[in-house]
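[1] When you get a sec, could you give me coordinates for this:
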Amino acid sequence: MHGSNDPSIASARIGHADFMIGAVAVRPVTRTLEGPAGTVATEPRIMQVLCELADAAGEVVTRETLLARCWPGMLVGDDALNRAIFELRRALAAVGAGVAVETIPKTGYRLAGMPSNLSEITGDPSARSAPSRRWLLAGAGGAAVTGVAVILLRRGPSERERRAAALVERADILRRDDVPDAAEQGVEFYRAALKLTPDDAAAWGKLALAQGAVAEYAAPDATAQAVSATEQAAQRALDLQPNQPDARVALTMLPPHFGGWFAVEQSLRQILADFPDNLAAQTNLSLALMEVGRIREGGAMGDRLVKREPLSPAFQYRHVYQLWARGRLREADQAADQALQLWPRHASLWLSRFWTFALTGRAAAALGMLEAADNALGLPAPLRNLLRLSARACLPERTAGDIAAAIAAHVSAARASQFGPVSAILVLPAIGATDLAFDIVRGYFLRQGPIVGSLERPAGQPAINQQTRRHTAPLWMPSAAPLRADPRFSPLCEAVGLADYWRRSGHQPDFLTP
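    Numbers count the residues shown, from 1 in each chain. Okay, here's the model as predicted:
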């Protein structure tokens, strides 16, 4: 649950004036630090954090201030800031800045050892004046800024390859976090690696996957550019290696696959026939099988993926849902609790734990989570309200008023955002509002009936993982069982195209098989 409709965020270019910290020249526009030990280029967020700390002139800047100013409009938490601080410390050390980023427990950060000659560079590096803030956040939507996080020293070819491989590895980790900001940063690192090794087909394929994630989360006015960037990266990979698997996966998953499940599955299976260990194809096939109700098979793939990538929060939160969907609630609980200890501010992971509490007879625990997360997670007010009303309507001691409030909130949310219908599929059947759930489902999937909402994200509203497209996986969750038992469900599956997929593939959904 992350992101923003502000297209400037994805490609923020820092317009703060150049300045000096001791012997280190900080150039925000080019995002470089030039010091006695060398020159380092940083990614945009890290330069923004440095500028904020430098402008404070040694005073403490709170974590809340840094998150608000450096990730404006984005629903990110401590993990993103912690990583930025870590990278900033590495960059300062690499150039020999002699300045440390000091952690002030439970408060924030400050630049320790700030020299007295902190000054703005005005053409002549020796010129000195007071620092000023001139933030100019402008850009072209989901397109990523190039050239980050690489020490710009002239090396031989083998050194270039080593540095490029390190950048690709960092980008892989960020991309698998499955948050929009991480996807953008992954793009940055892939592009930096490709500047060093431009004929690396595998890196171009991974860049295509990262660009595809940016396209998935992008605001409407930025989507076209992100889609074009995905196609260009994939084509470059295929020009270099005609069968490059990640590029093929990126192109397969780029179009919305709602209604086209059979073609997507066929394409992914062909890629896996050629490259059985390809992670991107395995991941997307697992998710595609969950979409069409083949929960056992998709979940079994998820079991293997989470063992292969145990330190990826994206695999962990999907695994929670897959375990829950297969009736393995105790294992889902264990997986969610362990993962939240490692990534307490990963919002999609947090949501998986919330729903497995709220919809399995433990709504009081879900409400407790919501109370604790209100400030720490930065949930927007409409979402907090919907989650709170949903959990209250699931309490054993719920009242008729609690149920009515949850129903009204879901009708409003279904008209306003993509999260509303997904929540309705999970919650309304569980509280006895099956008729309304069918109305919302028809509006969401078929664009029919009295409740047809926008498929675009409202301005300023965060995205909830990959829900800017219509997804059918919530239909197979345990709490939606009353929908599946209703006589109206079979005609709905025919109308949506799921029944056609089952006939063409020769596979029935799990709920229709013993």
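
[2] Dump the C-alpha coordinates for the helix or strand containing residue 50 into PDB.
    Following DSSP states H and E, one finds residue 50 within helix 44-55. Output of helix 44-55 as PDB, limited to C-alpha atoms (Å, rounded to 0.1, in the frame of the first residue of the first chain):
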ATOM      1  CA  PRO A  44      17.300  11.200  -5.600                       C
ATOM      2  CA  ARG A  45      15.700  10.300  -2.200                       C
ATOM      3  CA  ILE A  46      19.100  10.100  -0.500                       C
ATOM      4  CA  MET A  47      20.100  13.500  -1.900                       C
ATOM      5  CA  GLN A  48      16.800  14.900  -0.600                       C
ATOM      6  CA  VAL A  49      17.500  13.500   2.900                       C
ATOM      7  CA  LEU A  50      21.000  15.000   2.800                       C
ATOM      8  CA  CYS A  51      19.700  18.400   1.800                       C
ATOM      9  CA  GLU A  52      17.100  18.300   4.600                       C
ATOM     10  CA  LEU A  53      19.700  17.500   7.200                       C
ATOM     11  CA  ALA A  54      22.200  20.100   5.800                       C
ATOM     12  CA  ASP A  55      19.600  22.800   5.800                       C
END
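
[3] list the helices and strands that helix packs on?
    strand 24-27, helix 63-70, helix 78-94, strand 108-112, helix 180-196 (3 or more Cβ pairs under 8 Å, 6 or more residues apart in numbering; DSSP states H and E). All C-beta spots, glycine's among them, are computed from the backbone N, C-alpha and C.

[4] tilt between it and helix 63-70?
    120 degrees (axes from the mean of the first three to the mean of the last three Cα atoms, to 10 degrees).

[5] ok so, going back, packed most tightly, which of the helices and strands packed on helix 44-55 would that be?
    helix 180-196 (a mean of 26; mean count of other Cβ atoms under 10 Å).

[6] quick one on the thing from earlier: can you give me the buried ones in the helix holding residue 50?
    Within helix 44-55, the residues scored as buried using 16 or more other Cβ atoms under 10 Å are 44-55.

[7] Considering those residues, which is situated nearest to residue 111?
    Nearest to residue 111 out of those is residue 53 (Cβ to Cβ; 4.9 Å).

[8] How about the closest one: what's its closest non-neighbour residue?
    Nearest non-adjacent residue to residue 53, counting by Cβ to Cβ, 6 or more residues apart in numbering: residue 111, 4.9 Å away.

[9] Same question for residue 369.
    Closest to residue 369 by Cβ to Cβ, 6+ apart is residue 354, at 5.5 Å.

[10] Show me how far the strand or helix carrying the one you found is from its chain's centre.
    Residue 354 belongs to helix 347-358 when assigned by DSSP H and E. Distance of helix 347-358 from the chain centroid (Cα atoms, centre = their mean, to the nearest Å) equals 15 Å.

[11] who does it touch, helix- and strand-wise?
    helix 313-325, helix 329-342, helix 363-376, helix 381-393.

[12] please redo it, this time with the cut-off set to 6 Å
    Of the remaining helices and strands, those touching helix 347-358 by 3 or more Cβ pairs under 6 Å, 6 or more residues apart in numbering; DSSP states H and E are helix 313-325, helix 329-342, helix 363-376.

[13] Buried residues in stretch 241-254, which are they?
    Quick answer for stretch 241-254 (16+ other Cβ under 10 Å): 241, 244-254.

[14] what does stretch 346-354 contact?
    By Cβ atoms under 6 Å, 6 or more residues apart in numbering, the residues outside stretch 346-354 that reach it are 1, 313, 317, 320-321, 336, 339-340, 343, 366, 369, 465.

[15] so what pLDDT did residue 371 get?
    Per-residue pLDDT puts residue 371 at 86.

[16] the strands in the stretch 101-250 of the chain, which residues?
    108-112, 119-120, 150-151 (DSSP state E, counting those that start in this stretch).

[17] For the longest one, give me every contacting residue.
    The contact list for strand 108-112, computed with Cβ under 6 Å, 6+ apart, reads 53, 58, 60-63, 99-103.

[18] comparing the strands of the stretch 101-250 of the chain, which gets the lowest mean pLDDT score?
    Across the strands of the stretch 101-250 of the chain, strand 150-151 gives the lowest mean pLDDT, at a mean of 38.

[19] which residue sits closest to residue 69 in space, ignoring its chain neighbours?
    Here the residue nearest residue 69, using Cβ to Cβ, 6+ apart, is residue 52, at 5.8 Å.

[20] Relative to residue 18, how far out is that neighbour?
    16 Å (Cβ to Cβ, to the nearest Å).

[21] likewise residue 312?
    From residue 312 to residue 18 the distance is 38 Å (Cβ to Cβ).

[22] Looking at these two, which has the bigger crowd around it?
    More crowded of residue 312 and residue 18, by other Cβ atoms under 10 Å: residue 312, with 23 against 18.

[23] show me the contacts for the more buried one.
    Counted by Cβ under 6 Å, 6+ apart, residue 312 has contacts residue 176.

[24] For it, give me the backbone phi and psi.
    phi -110, psi 110 (degrees, to the nearest 10).

[25] What score does it have for pLDDT?
    88.

[26] again, but for the one 4 residues further on
    The predicted local confidence for residue 316 comes out at a pLDDT of 94.

[27] My read is that it contacts residue 339, right?
    Yes: judged on Cβ atoms under 6 Å, residue 316 makes contact with residue 339 at a distance of 3.9 Å.

[28] circling back: neighbour-wise, which one of the contacts of stretch 346-354 leads?
    Neighbour max across those (other Cβ under 10 Å) = residue 320, 27 neighbours.

[29] Please report the distance of the nearest residue to that residue once chain neighbours are set aside from residue 340.
    In space, and not counting its chain neighbours, residue 320 is closest to residue 352: 4.0 Å by Cβ to Cβ, 6+ apart. Counting by Cβ to Cβ, the gap from residue 352 to residue 340 is 9 Å.

[30] can you check residue 393 too?
    24 Å.

[31] again with residue 408
    As judged by Cβ to Cβ, residue 408 and residue 340 stand 31 Å apart.

[32] So which of the helices and strands packed on helix 347-358 is nearest residue 174?
    Here helix 313-325 is closest among those (Cβ to Cβ), at 10.8 Å.

[33] just checking, what packs against that closest one?
    helix 295-308, helix 329-342, helix 347-358.

[34] Could you double-check that residue 171 sits in contact with residue 187?
    No: contact criterion Cβ under 6 Å: residue 171 and residue 187 do not qualify, at 7.7 Å.

[35] Could you confirm residue 360 falls within a strand?
    No: according to DSSP: H, G, I helix; E, B strand; the rest coil, the state of residue 360 is coil, so it is not within a strand.

[36] the inter-axis angle of the helix holding residue 354 versus helix 329-342?
    Using the same axes, to 10 degrees: helix 347-358 against helix 329-342 is 140 degrees.

[37] any weak-confidence spans in the stretch 401-514 of the chain?
    Using pLDDT under 70 as the threshold, the predicted model of the stretch 401-514 of the chain has low-confidence ranges 455-468.

[38] before we move on, what about the chain?
    1-15, 73-79, 113-158, 180-183, 185, 373-378, 455-468.

[39] Can you tell me the centre-most residue of it?
    Nearest to the geometric centre of the chain sits residue 179, at 1.6 Å (Cα atoms, centre = their mean).

[40] Roughly how far does that residue sit from residue 69?
    Following Cβ to Cβ, the distance that separates residue 179 from residue 69 is 19 Å.

[41] got the contact list for residue 254?
    212, 230.
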